[in-house]
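>>> give me a 3D structure for the following:
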Amino acid sequence: MRYGTNLTLAFALMIGMMMPAVADDAADLYEDERASEAESLSVDSISDNQLEGFLEAASEIESIRAEYTEQVESEGASAQRSAQDEMVEAVESNGLEVDEYREIARLVADDEDLRMRLNGIAADSG
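Model (predicted):
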């Protein structure tokens, strides 16, 4: 897949930080457990494969968001749930958990070296 380096980075960060939480009360405990695992990620522990998955998931999420924008506005919560389910599937099908995806986004936003790695991977993919 082709990535415009600066656009992709901005896009991936936006999606990672804004992706809605998808969990009901019963799943909150599981989500908290997964979040603890994701928070243990460090800049040095993130592999290039994880960054590639992050970029791919972000691209798929943007497509889903574009597809569902009008439906969410007109149909409300049910369309939003469908969009969220597809976004979760996009993240998971690219080898990441949702909380891991969010943590990578947070780390990329906070760390210049990781941003440079992400930009390099995006440039190499094009």
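>>> what helices and strands are in contact with the longest helix seen in the chain?
Longest helix in the chain, counting residues (DSSP state H): helix 48-75. Secondary-structure packing of helix 48-75 (3 or more CB pairs under 8 Å, 6 or more residues apart in numbering; DSSP states H and E): helix 5-18, helix 77-92, helix 98-110, helix 112-125. Where C-beta positions appear, they are placed from N, C-alpha and C, glycine not excepted.
>>> report the rounded mean pLDDT for stretch 56-65.
The average pLDDT for stretch 56-65 rounds to 91.
>>> in that stretch, what counts as buried?
Counting neighbours by 16 or more other CB atoms under 10 Å, one finds that the buried residues in stretch 56-65 are 56-62, 64-65.
>>> for residue 95, grab phi and psi.
phi 80, psi 10 (degrees, to the nearest 10).
>>> check contacts around it.
49-50, 53 (CB atoms under 8 Å, 6 or more residues apart in numbering).
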